[in-house]
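Participant: Just the structure for this:
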Amino acid sequence: MENLAAAVSQLASFEVLLAILIGTTFGTIVGALPGMGTVLALVVALPFTYSMSSIAAITLLLCIYASSVYGGSISAILINTPGTPQSAATVLDGYPMAQRGEANLALGWCTAASTFGGLFSLVILIIAAPQLARFSLRFGPAETFALILFALTCIAWVSRGSMLKGLLAGVIGLFLAMIGTDNMTGMPRFDYDIGVLSGGLALISLLIGLFALSEVFMRAAKYVPEKRESKVANVGFRLAPWREWRIRIKALVQSSLIGTLIGILPGTGATAATFVSYAEVRRTSRRSENFGKGEPDGIIASEASNNAVTGGALVPTLALGIPGDGGTAVMLGALLIHGIIPGVQLLNNSPEVLTGIFIVLAIANVLMFVVGALGAQVFTRVLRMPEPLLMGMVLVMSLVGAYTVRGNPLDVMVAVIAGVAGVFMRFLGVPMAPIVIGMALGLNFEESLRQGLMFSGGDFLSFFQQPIALVLFIITAVIIAWPIVKAFRARKK
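Facilitator: Take a look at the predicted model:
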């Protein structure tokens, strides 16, 4: 009760309440703009949090994180273009429903399902995060090294394209994290006698370049003037009657559970959860023949699962400091910037902050429903914004944001170089999330390895004598070996 009272007192300020309103609205709008996405919304907003209190800053980003996933469904329904990859499956049934004059009903289905999925995963987060953080007390250097290796392997495994490209991207991220001063010896490394590199690279600058600037460069290269507008009728908001919801409660709970569980796994993300949930609900639904023709079950499957991922992905992020995707990597970076250390330290030293995060996520999901219900007409107009104006705003905010991280011109150069590199990576099919997560976890990965070797006198085999680490190593080996075995079987057949 004391933690709850302390958390409520921290949140009961004008700055925090304004951050909740702005974050939820901004996240929904940016999510609705095709091609922008959750990570880009967080990266653009992050520089504005430097002058805010830590509670207000985390509140703003949490609200953007929760609401931007939902925002992608708006453009998916109205203009047949998902605003975020997480809403790709929503197009399959949302747009056909809008075409037959039921856009308001489709928005009602997706908004209610998104809110339910977000609140469902929040309950799991409240239960699981403290328990997992306490379990992390058993983690020494060997266990931490094995856990980070497992996380990086999972992320590479589910990356689009080949697993080899995902692993390569993760290794690049680990290398970038090591540029600068060695934390254990104080000696500079990989700075190539360039003084400004002795302080290392800023993770936020890399994020801004890879996700925001590369998107701007890609849009500029492929820009063709066109007018984006909704061609569907009856745009508004309407909830289906209870009798329609009652026969779909199973699909709602099933999708929310799938999204939460997949979100907890490092690297899987909301896009994978959406299609897994859509396929499973279609398999078990009595109305499976209507899927793809405007069936509400399809909207529920997509939207409940992708919003449930947000709470699930925060479980390892808050409990262990292990981000599962680009969005949680930004959240982790923001927590560290504002002096909030995830894991058991957060649970023991600042329990009111963890409680405050739970309350903010609950408010954000409820407010997301209100914003979606009241803003349907507004979002239709926002979707008609000229793309050059939108990309120009993103470019300016990104460059300013990269500079304000440390006030170092190097960070702007890093962001631009990362933006150009991001364009080539998109063409080559190399995933960018493993680079970011590799860099976010790089120093911890290295320190746990070196500390473990110091404790064991340089004997790496001693890592395999720790039960928890051994289990994680075995799972990691299975993940790496499975695609090889699968390919071998296919070739043999």
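Participant: ok, now how distant is Ser398 from Val216?
Facilitator: Counting by Cβ to Cβ, to the nearest Å, the gap from Ser398 to Val216 is 7 Å. In short, each C-beta sits where N, CA and C put it, glycine included.
Participant: So between the two, which is more surrounded?
Facilitator: Neighbour tally, Ser398 and Val216, criterion other Cβ atoms under 10 Å: the higher count belongs to Ser398, 27 against 19.
Participant: Now do the SS call for that one.
Facilitator: helix (DSSP: H, G, I helix; E, B strand; the rest coil).
Participant: Just list the residues touching the closest residue in space to it that isn't next to it in sequence, thanks.
Facilitator: Distances taken as Cβ to Cβ, 6 or more residues apart in numbering place Ala212 nearest to Ser398, at 4.3 Å, with adjacent residues excluded. The contact partners of Ala212, by Cβ atoms under 8 Å, 6 or more residues apart in numbering, come to 40, 43-44, 394, 398, 419.
Participant: next one: Gly117
Facilitator: Residues near Gly117 by Cβ under 8 Å, 6+ apart: 252, 255-256, 259, 303-308.
Participant: can you name the two of those residues that are farthest apart?
Facilitator: With distances taken as Cβ to Cβ, the most widely separated pair in the contacts of Gly117 is Leu252 and Asn306, at 13.3 Å.
Participant: The residue nearest to Ser398 should be in a helix, yeah?
Facilitator: Yes - the assignment for Ala212 by three-state DSSP puts it in a helix.
Participant: Out of Leu252 and Asn306, name the residue with the larger neighbour count.
Facilitator: With neighbours defined as other Cβ under 10 Å, Leu252 and Asn306 compare such that Asn306 has more, 37 against 21.
Participant: Quick check: which element contains that one?
Facilitator: If you go by DSSP states H and E, Asn306 is part of helix 296-320.
Participant: how near is Ala177 to Glu447?
Facilitator: Applying Cβ to Cβ, the value for Ala177 to Glu447 is 11 Å.
Participant: Mean confidence (pLDDT) on the helix or strand where Ala364 lies, please.
Facilitator: Element membership of Ala364, judged by DSSP H and E, is helix 351-374. Averaged across helix 351-374, pLDDT comes to 82.
Participant: Please apply the same query to stretch 413-430.
Facilitator: Averaging pLDDT residue by residue across stretch 413-430 gives 86.
Participant: My guess is Ala240 contacts Gly108. True?
Facilitator: Yes - Ala240 lies in contact with Gly108 (Cβ atoms under 8 Å); the separation is 6.2 Å.
Participant: So for these two, which residue has more residues nearby?
Facilitator: Gly108 (21 against 15).
Participant: how near is that one to Leu374?
Facilitator: Gly108 is 13 Å from Leu374, by Cβ to Cβ.
Participant: Between those two, which contacts overlap?
Facilitator: Contact with both Gly108 and Leu374 is made by residues Phe237, according to Cβ under 8 Å, 6+ apart.
Participant: Point to the helix or strand of this protein where mean pLDDT is at its lowest.
Facilitator: Least confident element among the helices and strands of the chain, by mean pLDDT, DSSP states H and E: helix 2-11 (a mean of 64).
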